[in-house]
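# sequence first, then the predicted structure, then my questions.
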Amino acid sequence: MGAGAVKFIRRVLRDERGDIEDMPNLAILLVGVVVPLIAVVVFMGRYGLADNSVQSAAAAAARDASLSRTAGEAVPHAKSAATIALTGNVKCASLDVSIGGNGLSTGLGETGTVSATVQCTINTSDLAFPFIPGSMTITKTATSPVDPYRER
């Protein structure tokens, strides 16, 4: 910064009149443009974290479901894995885990896959801005192979 800019900043910081008319245009610009821009960047970062966390939960749910012996055991295992994967990262207002694929009904020696779809509804106030109503739903699907020679 130049010497003139340093003098300007010192004068502004030492000015104790407190009138809004005396506030430099640069400060008004910072408050009016930069602060909302920072808020949007924070929101998008938190949304990206939530999106990645739900994708990770879907992968964990698919993996745990593929290790189950029956389709009846797969859903509770998948939901438990998704809940554990989301703990500490995302607070879902509602969490829905569904299992699909033919992997759990195949015979010995046959290949198959299990897919898990995780649907997480997140309150927007949890992402960045408190007291802002609303919610958004993030849905992610992951697939995991089933060992063709596992015990049935």
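Received, thanks.

# partner strands of the helix or strand where Ile122 lies and their direction?
According to DSSP states H and E, Ile122 maps onto strand 112-123. Sheet neighbours of strand 112-123, with direction, are listed as strand 94-100 (antiparallel), strand 135-146 (antiparallel) (DSSP bridges).

# next, the angle from the longest helix belonging to the chain to strand 135-146.
Of all the elements of type helix in the chain, the one with the most residues (DSSP state H) is helix 35-66. Relative orientation of helix 35-66 and strand 135-146, computed by axes from the mean of the first three to the mean of the last three Cα atoms, to 10 degrees: 30 degrees.

# what comes up buried for helix 35-66?
Neighbour counts over helix 35-66 (16 or more other Cβ atoms under 10 Å) mark 46-47, 50, 53-66 as buried. (C-beta placed from N, C-alpha, C; glycine too.)

# so Pro148 makes contact with Leu104?
No - using Cβ atoms under 8 Å as the test, Pro148 is too far from Leu104 to be in contact (12.0 Å).

# low-confidence ranges, this protein, go.
With pLDDT under 70 as the threshold, the chain has low-confidence stretches at 1-2, 12-23, 126-132, 151-152.

# enumerate the positions of stretch 80-87 that are buried.
Residues of stretch 80-87 classed as buried: 81-83, 85-86 (neighbour count, 16+ other Cβ under 10 Å).

# I should have written stretch 86-100 there, sorry.
Using 16+ other Cβ under 10 Å as the test for burial, stretch 86-100 gives 86, 90, 92, 95, 97, 99.
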